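Asker: following is a predicted model, sequence given first.
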Amino acid sequence: MIGVLHTEGDRAEWAFPADPMAVRRARAAVRAQLAAWQLEELGDVTVLLVSELVTNSLRYASGPIGVRLVRVPAPREALLVEVSDPLPDPPLARSAAPDDEGGRGLQLVAGASRRWGTKPGSAPGGGKTVWFELALPG
């Protein structure tokens, strides 16, 4: 079950249970919100990066996974995307060998986004948020 926390104005937030369907549900929610904001042009890259971060949360944390989108106004004009989970440890970027099946998620985030980072979570008990920013088209 998806917990829709907010989807009005320039902000949208959801909470997903930590189960394998979370990735698919997060992708669908993000794509639908971008369409509502007429930002379909950012759909593929945003969905790819959200998928990577939600997958990381599923792999290492147990508990709800939060996804938040914010349209940041001028002068930055950006799409801010945050993925939160209850695990306080920040993700570690690693160098994947050519034949490794994993280990490239944060490299994708760093390469495809304008900026990215981590911050402590604001939920009770802490946790963390991994965020990235994409330039708005136009």
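Answerer: Ah, there it is.

Asker: how much space separates the residue nearest to W116 when sequence neighbours are not counted from A61?
Answerer: Nearest residue to W116, sequence neighbours excluded (Cβ to Cβ, 6 or more residues apart in numbering): F132, at 3.9 Å. Where you see a C-beta, it was placed from the backbone N, CA and C, and this is true even at glycine. Separation of F132 from A61 (Cβ to Cβ, to the nearest Å) stands at 18 Å.

Asker: just the strands in the chain please.
Answerer: Assigned strands in the chain, in chain order: 3-6, 11-16, 65-72, 78-85, 115-123, 126-135 (criterion: DSSP state E).

Asker: tell me how far the longest one is from the chain's mean position?
Answerer: Between the centre of strand 126-135 and the centre of its host chain there is 7 Å, according to Cα atoms, centre = their mean, to the nearest Å.

Asker: partner strands of it, parallel or antiparallel?
Answerer: Looking at strand 126-135 with DSSP bridges, its partner strands are strand 78-85 (antiparallel), strand 115-123 (antiparallel).

Asker: closest to L49 out of the ones you listed?
Answerer: strand 78-85 (6.9 Å; Cβ to Cβ).

Asker: report the angle between the axes of that closest one and strand 11-16?
Answerer: Orientation note: strand 78-85 sits at an angle of 20 degrees relative to strand 11-16 (axes from the mean of the first three to the mean of the last three Cα atoms, to 10 degrees).

Asker: list the contacts of strand 78-85.
Answerer: 18, 30, 39, 42, 46, 49-50, 53-54, 57, 60-61, 63-72, 114, 121, 123, 127-136 (Cβ atoms under 8 Å, 6 or more residues apart in numbering).
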